[in-house]
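# Return a 3D structure for these sequence lines:
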Amino acid sequence: MALKIRKLAFALGAEVTGLDLKQKQSDDAIAQIRQAWVDNLVLCFPGQDLGPQEQMAFCSRFGELDDHRSRPHWNRPDFPEVNIVANKPVVIGGKTLQVLIADKWHTDMSFSVRSATASFLLSKTLPPIGGDTMFANMYRAYDALSPSMQAFADTLEGVHDVSLAPDFHRYTPELQAERRRNHPPVVHKVVRLHAESGRKGIFAGGFLRNFIGYTEQESRPLIDFFNTHSTAYEFVYRHAWKQDDLLMWDNRCTMHFAVQDYDCSQLRQLQRCTLFAPVSGRFLDAGQPAAASTGMA
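Below is the predicted model:
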């Protein structure tokens, strides 16, 4: 079968069929997928029953895999490049993995100086109903701002703080302290230029605490505006998961939100790989070592 690309929504999202991702893809196929990803921001590869090694092999064709060294409580013991996203503790190889629930609009790893480039999430166990994920197009959100607001947003830098994670309150005090040590606050521009598309997008989300030069109280109304504006229905695609869907999305120009519209007594488990981005932010405290937030030794 030939690779086929079909748009899923007006705002963003496309389906890619005609590939068996268990097999090594040609350089031409990878180039086509990459261009479709840049053009559509979110790609769905349906019917891909991949093991962790197979998922890693495919994902690594697009960049450097995060080894999750700074986030060890959610990764597999045998393949640390694979995170487990589940609403219940999962035991793999004798290791109990922590719950991970992302019920807040966010961009993966925005609390790092190397925020994620791509995330790949593969559905393994789904509840019978619900458990969707929503994605927002941050290009369209920026383009819809007034010229005056665009000019103001272009001047802003935001502080991203891991303690604002949606499930941070569920951690033990020891784990909270570890997370803060591994991920001290970082600063990113609120408007970022995409390296491949050349387009500007808003970089906000649930980890954004305040703007440089402004107090948290002063910042909050504008943070709320950016997040509410960016997630208006005309900028959003809602993905209804099917078994063995593999989603690939661009964290440089999207936010996402895991909808808690399902029976939480049912297991929802997905496996994720993430790609590091080049350094795009800086530590709020200039004395922080680079390894603390990147996860790299």
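# Could you list which residues are in contact with the nearest residue to residue 170 once chain neighbours are set aside?
Closest residue in space to residue 170, ignoring its immediate chain neighbours: residue 99 at 6.5 Å, by Cβ to Cβ, 6 or more residues apart in numbering. In this view, the C-beta of every residue, glycine as well, is placed from N, C-alpha and C. Listed by Cβ atoms under 8 Å, 6 or more residues apart in numbering, the contact partners of residue 99 are 86-89, 167, 170.
# Name the nearest of those relative to residue 213.
residue 167 (30.0 Å; Cβ to Cβ).
# residues in contact with that closest one?
Residue 167 touches 99-102, counting by Cβ under 8 Å, 6+ apart.
# Out of the contacts of residue 99, flag the one nearest to residue 214.
residue 167 (27.0 Å).
# Now do the closest one against residue 175, distance only.
Distance of residue 167 to residue 175, given as Cβ to Cβ, to the nearest Å: 10 Å.
# Ok, residue 274 next?
If you go by Cβ to Cβ, the gap between residue 274 and residue 175 works out to 20 Å.
# Who has more neighbours out of those two?
residue 274 (27 against 13; other Cβ atoms under 10 Å).
# does that one have beta-bridge partners, and which?
Residue 274 forms beta bridges with residue 119, as assigned by DSSP bridges.
# Which of the three states applies to the residue most central in space within the chain?
Nearest to the mean C-alpha position of the chain, counting by Cα atoms, centre = their mean, stands residue 108 at 3.2 Å. Reduced to three states with DSSP: H, G, I helix; E, B strand; the rest coil, the structure at residue 108 is coil.
# Pull the contacting residues for it.
Counted by Cβ under 8 Å, 6+ apart, residue 108 has contacts 115-116, 119, 251, 256, 274.
# go on, residue 134?
Neighbouring residues of residue 134 by Cβ under 8 Å, 6+ apart: 231, 236-239, 256-257, 259.
# Pretty sure it sits in a helix.
No: assessed by three-state DSSP, residue 134 does not belong to a helix; its assignment is strand.
# For it, give its distance to residue 239.
Taking Cβ to Cβ, one finds residue 134 at 7 Å from residue 239.
# same question, residue 36
From residue 36 to residue 239 the distance is 16 Å (Cβ to Cβ).
# neighbour-wise, which of these two wins?
residue 239 (21 against 18).
# and the nearest residue to that one once chain neighbours are set aside, what does it touch?
Leaving aside its chain neighbours, residue 239 sits nearest to residue 133 (5.1 Å; criterion: Cβ to Cβ, 6+ apart). By Cβ under 8 Å, 6+ apart, the contact set of residue 133 is 121, 238-239, 241, 247, 256-259.
# Dig out what residue 133 forms beta bridges with.
residue 239, residue 258.
# which stretches of this structure form helices?
Here the chain has its helices, by DSSP state H, at 27-40, 52-59, 138-143, 147-153, 173-182, 216-230, 291-294.
# Residue 96 - how many residues pack around it?
Counted with other Cβ under 10 Å, residue 96 comes out at 9.
# and what of residue 9?
With other Cβ under 10 Å as criterion, residue 9 counts 15.
# Please apply the same query to the one 4 residues further on.
Other residues near residue 13 come to 23 when the count uses other Cβ under 10 Å.
# how close does it sit to residue 249?
Separation of residue 13 from residue 249 (Cβ to Cβ) stands at 9 Å.
# Then residue 20?
In this view, residue 20 and residue 249 are 21 Å apart by Cβ to Cβ.
# what about those two, which has more around it?
residue 249 (28 against 12).
# where does the protein have its least confident helix or strand?
Lowest by mean pLDDT, DSSP states H and E among the helices and strands of the chain is helix 291-294, with a mean of 38.
# does residue 110 really touch residue 188, like I thought?
Yes: taking Cβ atoms under 8 Å as the definition, residue 110 is a contact partner of residue 188 at 6.6 Å.
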